[in-house]
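# dropping the sequence and predicted coords here.
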Amino acid sequence: MKIVDHISNAKGKPLFSFELLPPIKGQSIKGIFDAIDPLMEFNPPFIDVTYLREDYIYKQHANGLLEKIAYRKRPSTVATCAAIMNKYNVDAVPHLICGGFTKDETENALIDLQFLGIDNVLVLRGDARKSDNSFIPTPDGHAYASELLQHVVDMNNGRYLHDYMEDAAKTDFCIGVAGYPEKHYESPNLDTDFKYLKHKVDTGADFIVTQMFFDNKKYKALVDKCRANGINVPIIPGLKPITSSKQLVSLPKIFHLDIPMELSEAIQACKSEKDVKEVGIEWMIHQCQELKEMGAPVLHFYTMGNPEPTKKIVQAVF
């Protein structure tokens with residue numbers, strides 16, 4: 001089922017969903033099931049599975065020369081989605097990224113997803129490789145999420161890359177895009193960032209999932225601005241509790257977000273990492289309760305394969 005239909009069928013009641021990483025290459029799918037099982041009692045209608053771009057490793061040969069080798073650490077997004085759908089009978093939402101794929105490879109992947117019965121995709125540019133200072137598009141691949149989005153929209157209208165295809169079957173994907181309550185780090189300002197978001201919705205995005213945030217006023221400001229400018233698709237807040245003191249530095253550094261003074265001071269006053277986790281969970285419980293009152297359609301958690309904090313939050317909120 002499409003995410004917009006799940007939301008419509010809920011008739012205003014907020015839903016719970018979460019995101020996880022596919023297994024590291026060489027690991028069993030059991031680790032994924034172990035991360036999902038504790039959360040299934042809360043009846044998530046869908047589960048997101050991320051996609052990570054290939055990176056490079058260097059292999060040293062006997063002669064001392066280094067060989068640069070492309071390596072995808074977590075290669076099984078599509079298979080993980082299929083496994084989740086088969087085991088739990090819920091919708092799986094694969095992330096679709098620009099980096100690492102040519103346009104032809106993207107099109108073939110979308111055909112595979114359609115044949116597997118996957119109804120939803122989350123369209124993203126994706127991050128730069130760790131070895132690159134900035135995002136570098138794959139040759140003959142998409143450079144921007146808006147281009148990738150247009151590709152999916154075209155296929156939904158029966159238009160494929162190669163115009164010699166006659167009577168091509170239309171795909172029927174419900175398409176999500178990213179939104180940034182605190183702007184994308186490459187945007188010069190919030191207004192420019194919003195312009196790009198509106199362009200994606202005008203192109204055909206069906207729902208928005210936000211970057212994580214810890215100040216609900218920023219989510220509300222994004223929603224209000226969207227509604228005032230004719231963007232009426234569901235806006236799903238992305239959420240993650242702080243669970244370690246190191247995240248006071250790592251989360252702003254990686255995700256370019258602000259942590260409210262009240263939260264950062266409470267964490268800095270903790271005497272142990274256990275206390276930090278409790279403070280982070282309590283903050284997120286309060287944040288989720290506010291978001292429910294604001295009318296957030298779904299509370300979507302970035303679990304990173306660790307279900308315990310999310311379970312405690314959802315038990316308190318739903």
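On my side now, so go ahead.
# tell me how far residue 67 lies from residue 131.
14 Å (Cβ to Cβ, to the nearest Å). Glycine gets a C-beta too; all of them are placed from N, C-alpha and C.
# number of nearby residues for the residue nearest to residue 107 when sequence neighbours are not counted?
Nearest residue to residue 107, sequence neighbours excluded (Cβ to Cβ, 6 or more residues apart in numbering): residue 161, at 5.6 Å. Other residues within reach of residue 161, judged by other Cβ atoms under 10 Å, total 14.
# got it, and residue 285?
Residues near residue 285, counting by other Cβ under 10 Å, number 17.
# for it, list the residues it contacts.
Counting by Cβ atoms under 8 Å, 6 or more residues apart in numbering, residue 285 makes contact with 313, 316-317.
# go through the residues you listed and say which is closest to residue 6.
residue 317 (18.1 Å; Cβ to Cβ).
# what sits closest to that closest one if chain neighbours are left out?
residue 288 (4.4 Å).
# give the contact list for that neighbour.
By Cβ under 8 Å, 6+ apart, the residues touching residue 288 are 239, 299, 313, 317.
# look up how far residue 219 lies from it.
Using Cβ to Cβ, residue 288 is found at 11 Å from residue 219.
# got it, and residue 209?
Counting by Cβ to Cβ, the separation of residue 209 from residue 219 is 12 Å.
# neighbours of residue 72, just the number please.
The tally of other residues near residue 72 (other Cβ under 10 Å) stands at 14.
# leaving out chain neighbours, which residue sits closest to it?
Spatial nearest neighbour of residue 72, excluding adjacent residues (Cβ to Cβ, 6+ apart): residue 54 at 4.4 Å.
# tally up the residues packed near the one you found, please.
Around residue 54 there are 16 residues (other Cβ under 10 Å).
# can you dump the C-alpha coordinates of stretch 29-44 into CSV?
Output in CSV follows, covering the C-alpha atoms of stretch 29-44 (Å, rounded to 0.1, in the frame of the first residue of the first chain):
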residue,chain,number,x,y,z
ILE,A,29,19.7,-11.1,7.6
LYS,A,30,19.0,-12.3,11.2
GLY,A,31,20.5,-9.1,12.6
ILE,A,32,17.9,-7.1,10.7
PHE,A,33,15.1,-9.3,12.0
ASP,A,34,16.5,-9.0,15.6
ALA,A,35,16.3,-5.2,15.2
ILE,A,36,12.8,-5.3,13.8
ASP,A,37,11.1,-7.9,16.1
PRO,A,38,11.0,-5.7,19.3
LEU,A,39,9.1,-2.9,17.4
MET,A,40,6.5,-5.0,15.6
GLU,A,41,4.1,-4.9,18.5
PHE,A,42,3.5,-1.3,17.6
ASN,A,43,2.2,-2.2,14.2
PRO,A,44,4.4,-0.1,11.9
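# show me how far that stretch is from its chain's centre.
What separates the centre of stretch 29-44 from the centre of its chain is 18 Å, taken as Cα atoms, centre = their mean, to the nearest Å.
# same question, stretch 7-14
The mean C-alpha position of stretch 7-14 is separated from the chain mean by 21 Å, Cα atoms, centre = their mean.
# point out where the stretch 51-200 of the chain drops to low pLDDT.
164 (pLDDT under 70).
# do a quick rundown of the helices in it.
Applying DSSP state H, counting those that start in this stretch to the stretch 51-200 of the chain gives helices spanning 77-88, 103-115, 145-156, 190-203.
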